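Trainee: quick one, fold the following:
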Amino acid sequence: TFQDKKAATETLSALAVRPNIMAAALYSQDGTRLAQYRNPLKEINVPDWPAQDGHWVEGEKLLLFQPVIFQGERIGTIFLARDMSEIDDLLKVYVTVVLAVLLGAGAVALAVSALLQGLITRPLLTLVSLARSISAKKDYSVRAEKSGEDEIGVLIDSFNQMLATVQARDEALRERQADLNRAQAVARTGSWRMDIRSNLLVWSDETYRIFGISPETALTYETFLNSVHPDDREFVDNAWKAALRGQRYEIEHRIVVGDAIKWVSERAELEFDAQGALRGGFGTVQDLTERKRIEEEIRELNAELERRVRDRTAQLETANKELEAFSYSVSHDLRAPLRAIDGFSRIVADTYEDKLDETGKDYLKRVREATQRMGQLIYLISTGGTMEKVYSERSGQVVNTEAKVDRYLEKLRLPDLEVEEIRLMNKDS
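Mentor: Prediction:
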């Protein structure tokens with residue numbers, strides 16, 4: 001049984017085959033030591049009574065107290081003392097081995113690292129340095145030097161192809177920007193963009209030229225407003241504030257450039273984010289100075305022309321009045337003898353009708369007709385002699401007085417034959 005001291009002693013003596021076991025003891029339920037074992041090569045005291053269950057280390061010894069359970073009931077306690085010096089020796093051996101392994105691995109890693117640095121790390125560092133240089137100088141014409149056909153070589157090829165693509169796009173962009181700058185210079189129209197949130201204003205080259213401001217100048221809305229003519233500044237500021245409220249921004253105003261004053265035309269479109277908040281604006285500014293100068297010259301020329309027209313009209317009116325007075329005087333002096341000729345001719349025709357032959361009657365008829373046509377000619381000269389065309393009161397149409405006068409003069413001419421007949425009749429009488 002468990003209380004058999006002899007059997008317990010024999011059981012503990014079997015630990016002699018474990019030289020690292022320094023001592024052992026078996027205690028009954030009441031704490032009485034039933035049997036013990038002590039390694040004759042080790043110096044250790046076996047406790048007379050069991051201590052609290054557990055284990056701990058004292059110096060180079062590991063002490064252990066554990067319960068003895070039989071059929072679920074504790075019937076005693078067992079004590080073991082183990083020599084830890086062997087474990088320390090093993091640990092030293094293990095640490096030595098581990099250190100040797102680590103040193104060997106470090107040497108191998110260093111060698112591999114040196115090899116990889118030549119094959120991978122150095123080309124990658126060179127590529128990184130080149131990328132930083134390109135980013136700083138914006139020079140996309142440089143290329144990375146290829147050192148092999150491995151994965152690093154493939155990476156360098158891809159990097160160079162990317163540089164070639166970026167270079168082509170950069171050159172195309174520069175050409176388009178140059179074309180845009182030239183087009184804006186020809187049209188005298190610049191562009192601008194403003195970030196409302198940061199109050200940052202960005203101008204094109206032509207806008208800088210129009211305003212006479214150096215491209216290195218930091219731009220804000222206040223910078224722009226200070227360039228506006230003092231008399232137009234409030235108008236421009238109110239127009240911009242109205243545009244921020246949704247109204248159209250399209251104005252003309254003056255700016256001060258050094259000692260000169262320029263006229264500009266501005267247009268803008270505002271930009272909003274997805275939530276409807278105002279982000280900024282994009283617009284154009286056109287130099288109207290030359291156009292305004294030409295318009296002013298045209299206004300002055302028109303005013304001068306109107307003045308000359310008024311002066312010329314007044315001169316013509318004066319000349320027409322003088323000519324009308326002269327025509328009236330001439331027509332009055334000519335009408336009196338014509339009326340006498342016509343009147344006496346009518347009297348002769350009526351009084352001596354039975355004494356005149358057909359030829360005489362025809363002559364009198366011609367004299368009266370010529371006299372009447374002469375009267376009409378005098379009327380035309382007195383009423384419209386200063387004009388090429390006059391308005392006929394009876395027909396309501398414009399007539400060519402010059403042609404009409406020529407016709408009357410033609411009719412007033414007598415044939416030579418008839419004049420000769422008159423001379424012969426005078427001789428016969």
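
Trainee: need the contact list for F282.
Mentor: 191-194, 268-269, 271 (CB atoms under 8 Å, 6 or more residues apart in numbering). For every residue, glycine as well, the C-beta is placed using N, CA and C.

Trainee: can you confirm F224 is in a helix?
Mentor: Yes: applying DSSP: H, G, I helix; E, B strand; the rest coil, one finds F224 inside a helix.

Trainee: so after the host helix or strand of A168, what's the next helix or strand?
Mentor: Using DSSP states H and E, the element containing A168 is helix 151-187. Following helix 151-187 in sequence order, the next helix or strand is strand 189-195 (DSSP H and E).

Trainee: and that following strand with helix 151-187, angle?
Mentor: Using axes from the mean of the first three to the mean of the last three CA atoms, to 10 degrees, the inter-axis angle of strand 189-195 relative to helix 151-187 is 120 degrees.

Trainee: what helices or strands is strand 189-195 leaning on?
Mentor: Counting by 3 or more CB pairs under 8 Å, 6 or more residues apart in numbering; DSSP states H and E, the packing neighbours recorded for strand 189-195 are strand 200-203, helix 205-211, strand 278-287.

Trainee: of these, flag the one that's most buried.
Mentor: helix 205-211 (a mean of 21; mean count of other CB atoms under 10 Å).

Trainee: quick one: mean pLDDT over it.
Mentor: For helix 205-211, mean pLDDT rounds to 91.

Trainee: what does stretch 102-118 give?
Mentor: Confidence for stretch 102-118, expressed as mean pLDDT, is 73.

Trainee: hang on, the earlier thing: and the helices and strands packed on strand 189-195: which comes nearest L125?
Mentor: strand 200-203 (37.2 Å; CB to CB).

Trainee: quick one: the strands in this structure?
Mentor: Secondary structure of the chain (DSSP state E): strands at 21-28, 33-38, 54-58, 61-70, 73-83, 189-195, 200-203, 249-257, 260-272, 278-287, 389-391, 398-400.

Trainee: show me which helix runs longest in this protein.
Mentor: Taking DSSP state H as the criterion, the chain has its longest helix at helix 289-351.

Trainee: pull the residues that contact stretch 60-74.
Mentor: 2, 22, 26, 29, 44, 50-57, 75-85, 88.

Trainee: returning to what we had before: run the chain-centre distance for the helix holding A168.
Mentor: Distance, stretch centre to chain centre, for helix 151-187: 20 Å (CA atoms, centre = their mean, to the nearest Å).

Trainee: report the angle between that helix and strand 278-287.
Mentor: Using the same axes, to 10 degrees, helix 151-187 lies at 50 degrees relative to strand 278-287.

Trainee: average pLDDT across helix 151-187?
Mentor: Rounded mean pLDDT across helix 151-187 is 80.

Trainee: and that helix, what does it pack against?
Mentor: helix 122-137, helix 205-211.

Trainee: could I get the shortest one in PDB with only the CA atoms?
Mentor: Right, helix 205-211. Below are the C-alpha coordinates for helix 205-211, written out as PDB (Å, rounded to 0.1, in the frame of the first residue of the first chain):
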ATOM      1  CA  ASP A 205       1.000  85.300 -70.800                       C
ATOM      2  CA  GLU A 206      -1.200  87.600 -72.800                       C
ATOM      3  CA  THR A 207      -3.200  88.600 -69.700                       C
ATOM      4  CA  TYR A 208       0.100  89.600 -68.000                       C
ATOM      5  CA  ARG A 209       1.000  91.600 -71.100                       C
ATOM      6  CA  ILE A 210      -2.300  93.400 -71.200                       C
ATOM      7  CA  PHE A 211      -2.200  94.400 -67.500                       C
END
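
Trainee: quick revisit: who wins for neighbours among the contacts of F282?
Mentor: If you count neighbours using other CB atoms under 10 Å, the busiest of these is M194, which has 23 neighbours.

Trainee: so what's that one bridging to?
Mentor: M194 has these beta-bridge partners by DSSP bridges: L201, G281.

Trainee: ok, back up a step: now the strands of the chain as CSV including distance to A349?
Mentor: Listed next are the strands of the chain as CSV, based on distance: least, CB to CB, whole Å:
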stretch, distance to A349
strand 21-28, 189
strand 33-38, 195
strand 54-58, 179
strand 61-70, 181
strand 73-83, 184
strand 189-195, 88
strand 200-203, 100
strand 249-257, 83
strand 260-272, 83
strand 278-287, 86
strand 389-391, 33
strand 398-400, 32
